[in-house]
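[1] structure of the sequence below:
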Amino acid sequence: MGNDSSYLKIGTILKHTYRIDRYIASGGFGNTYLAFHLGLSENVVVKEFFMKGVSERDANQTTVSVSNSENESLFSKQKKKFKTEAKRLWSIKNDHIVRVHDCFDENNTSYYVMDFIDGDSLSTIMDKNGTLSESLVCKIAYQILDALKTIHSKNIYHMDIKPGNVMMDKNEHCLLIDFGSSKQMDMDAVYSMSAMTFTNRYAPSELKNGEIDMLGPWTDLYSLGATIYNLLTGNKPPMRDVIDTKNDDAFQYPNTVSVGMRTLVRKLMQPIYTNRPKSAQEVVDMLDNMSDNSAFNPDSDKNKSSSDDFDTIYKGKEEFEQEKTELKTTVSYVTQDSNTKSPIKSNNNGILWFLISAILAVIVLIVVYFASQGSNSSEYPSPAPEPYPEVDTTEVEEVVDTTAWEEVDVETDTDKFLEPEIEYDEIPGEEYAETIEEAIKENSHYESDDGYGHPELSDNSIYEDEDVELTIPDYDYDDSDDSSEGY
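    Numbering: from 1, shown residues only. All right, here's what the predicted structure looks like:
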C-alpha cells in the first residue's frame, strides 16, 4: 500500500462525481482507486497520473506537484501521453479489455475512469488457491490473445502483461488492465525511465534494453508465455541468461502439464524475438492444434451456433418429441389385453402378406423370363415359318379333271375357254383360298412381291366390296359367263 504522500485520502471527491472509497494499487505512472459514482450509484475504478520518483503530493494530500523542477517538462509530456492513452483505450471495443468512460484534469494531474470488475487479479487468485489447471489456463490465454489481437491491430502494445494485470470475475471472464504509458514514450524517455516500464522476468530483452525498433507483437507474446508458465507452475519465469544456459531445463513443470503446453511456453519465451510467433493469431492457431484446446476458444467455429445449427437443433427437438409420442402409442398397443386384436399385429399381418405377394410375383416373372429365353435359344433355332404354304396339288387333281382340257391359243381362241367343273364346296377353305390366290397373282391389280411371298396391290380396289375382273388363263370359261366374282 502507498504512504500518505503518494495517494489520495479516502473520501476525496473528484469532479463532484467520484468518491474515493479505497486505494487499490500503484504502478510506475499512476495510482488506482476504487470509487463510487455518486450520480449512477455504482462502483467504478479511477486511475490517477502520478509518476513514481517524480511526483509528490502537497500537505493537503490532494494536489500533485513535481519534486524537481528539472522534471517539469517530462511530467507534462507524460501526463499528456497518459490522457492520450485513456482516449485510445476508450476507442477500443473488446470484451477482454477494460473500458474507459471518463477522462478529466484535477489536482494538477489527470484521471480516467474505468469499469469496476467484480473479481480479482490472477496473482491474487493464485495467492488464495495456488496454481491453476491447464484447462483454465487455456481459457485465460484465449481471452488475453483476443485482447492482444485488437490492440495490436491499432499498433498499441501493452508491454506489461503479467498475472497482476489480468482480472478474472466469478464467471472466469478475463479482462486485460493497466495499460502502461511506456509504449507511448519517445526513445529518450524510455531509456531514462526503463526501470518503470516493465516487470522483471515477464519482459523480454528488447524491452529491458530499450530497443525500440525491435518492439512488436512478439514483445507482448513473450510476457504472455511467462504469465502462462507462472499460472501453471507457481514458479517465477526464468531469466534470459538461465534460458540461454539451460534451455528446456530452465523450465520446471508438474506432471499435470502437457507436452503441448510446455512446447508453447518454450516457443513464446524464446530470448531472440525473431524466433517467437509474429502475431497473436499464430498463437491461437497453435493452441487450436493442441488436442481438445479449441473447445476453450470462444472464436472457434466449433463453438459458434449458426442459424442452420439452430434450425437443426430445433428440428431435432420436434422429431424427438414426435418419436417419443409414437413410442408411447406403441407401448399402449403392445400392452393391450391378449384377447383384443392389436392394431400393431393387424398392421404387421398386412405388411407380411404384401411382402409374400411381391416375392411370388417376382418369382413368376423370373420363371416366365427364363422360359421365353429357353424357347428362343440359339441352340435349337426354329426355322422361319413360310407365310403361305404351297398348294397341295394332289388334292386339287382329285377334284379337277385336267385331262379333259384342250390346248388352245389364249389370244385367238378365247371362245374355246371352258369353265372347269370345280366343286368348290368340296375344297377346304384354306386350300380354296390358296388356289384363288395363285390365280390372283396373274391379275394386273398386283405389281410385285414384298419379299415374303405377299403380293402388293397396285390400288386398293381389291379390298373394297365390289366386283373385280380377274383373268385366269389356265381355266376355260363358258361363253355365257366371262367374269368371276371377287372373293
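
[2] ends of stretch 11-20, how far apart?
    End-to-end distance of stretch 11-20 (C-alpha to C-alpha, to the nearest Å): 5 Å.

[3] if you could redo that for stretch 203-216, that was the one I meant.
    12 Å.

[4] what are the buried residues along that stretch?
    Within stretch 203-216, the residues scored as buried using 16 or more other C-beta atoms under 10 Å are 203-207, 210, 214-216. Every residue, glycine included, has its C-beta placed from N, CA and C.

[5] which stretches of this protein form helices?
    72-91, 122-129, 134-153, 187-192, 205-208, 217-233, 240-246, 259-268, 280-289, 307-334, 343-375, 393-399, 429-440 (DSSP state H).

[6] and those, which one is worst for confidence?
    For these, the weakest mean pLDDT is recorded on helix 187-192, namely a mean of 39.

[7] could you report the neighbour count for the closest residue in space to residue 140 that isn't next to it in sequence?
    In space, and not counting its chain neighbours, residue 140 is closest to residue 174: 5.4 Å by C-beta to C-beta, 6 or more residues apart in numbering. Residue 174 sits with 23 neighbouring residues when counted by other C-beta atoms under 10 Å.

[8] residues in contact with residue 174?
    Contacts for residue 174 were tallied using C-beta atoms under 8 Å, 6 or more residues apart in numbering; they are 96, 122, 140, 143-144, 166-168.

[9] walk me through the domains of this protein.
    Taking automatic domain parsing as the reference, the chain has its domains at 13-115, 120-303, 308-331+344-372, 393-463.

[10] go ahead and confirm residue 42 touches residue 115.
    No. At 9.6 Å, residue 42 and residue 115 do not qualify as touching, with contact defined as C-beta atoms under 8 Å.

[11] neighbour-wise, which of those two wins?
    Here residue 42 and residue 115 are compared on neighbour count by other C-beta under 10 Å; more neighbours surround residue 115, at 17 against 10.

[12] need the contact list for the more buried one.
    Residues near residue 115 by C-beta under 8 Å, 6+ apart: 44-45, 98-99, 101.

[13] just the CA coordinates for stretch 264-281, please, in PDB.
    Extracted as PDB, the C-alpha positions of stretch 264-281 are listed here (Å, rounded to 0.1, in the frame of the first residue of the first chain):
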ATOM      1  CA  LEU A 264       4.000 -23.500 -26.400                       C
ATOM      2  CA  VAL A 265       5.600 -21.700 -23.400                       C
ATOM      3  CA  ARG A 266       9.100 -22.500 -24.700                       C
ATOM      4  CA  LYS A 267       8.200 -21.000 -28.100                       C
ATOM      5  CA  LEU A 268       6.700 -17.800 -26.600                       C
ATOM      6  CA  MET A 269       9.700 -17.300 -24.400                       C
ATOM      7  CA  GLN A 270      12.400 -17.500 -27.000                       C
ATOM      8  CA  PRO A 271      15.200 -15.000 -26.000                       C
ATOM      9  CA  ILE A 272      15.600 -13.800 -29.600                       C
ATOM     10  CA  TYR A 273      12.400 -12.100 -30.700                       C
ATOM     11  CA  THR A 274      12.700 -13.400 -34.400                       C
ATOM     12  CA  ASN A 275      12.200 -16.900 -33.100                       C
ATOM     13  CA  ARG A 276       8.900 -16.200 -31.400                       C
ATOM     14  CA  PRO A 277       5.400 -16.200 -33.100                       C
ATOM     15  CA  LYS A 278       4.800 -13.000 -35.000                       C
ATOM     16  CA  SER A 279       1.200 -12.500 -34.100                       C
ATOM     17  CA  ALA A 280      -1.500 -13.300 -31.600                       C
ATOM     18  CA  GLN A 281      -3.400 -15.300 -34.200                       C
END
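
[14] follow-up on the earlier one: need the max-distance pair from the contacts of residue 174.
    With C-beta to C-beta as the measure, no two of the contacts of residue 174 lie farther apart than 96 and 122, at 13.1 Å.

[15] possible to save the contacts of residue 115 as JSON lines with neighbour count, pLDDT and distance to residue 227?
    Rendered in JSON lines, the data for these read as follows (neighbours: other C-beta atoms under 10 Å; pLDDT from 0 to 100; distance: C-beta to C-beta, whole Å):
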{"residue": "44", "neighbour count": "19", "pLDDT": "97", "distance to residue 227": "26"}
{"residue": "45", "neighbour count": "21", "pLDDT": "95", "distance to residue 227": "21"}
{"residue": "98", "neighbour count": "20", "pLDDT": "91", "distance to residue 227": "17"}
{"residue": "99", "neighbour count": "14", "pLDDT": "92", "distance to residue 227": "22"}
{"residue": "101", "neighbour count": "14", "pLDDT": "92", "distance to residue 227": "27"}
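
[16] and of those residues, the nearest to residue 364?
    Each of the contacts of residue 115 was scored against residue 364 by C-beta to C-beta, and residue 99 proved nearest at 82.3 Å.

[17] so what's the closest one up against?
    Residue 99 makes contacts with 89-90, 114-115, as judged by C-beta under 8 Å, 6+ apart.

[18] coming back round to it: most surrounded residue in the contacts of residue 174?
    Neighbour-wise, the contacts of residue 174 (other C-beta under 10 Å) top out at residue 144, 27 neighbours.
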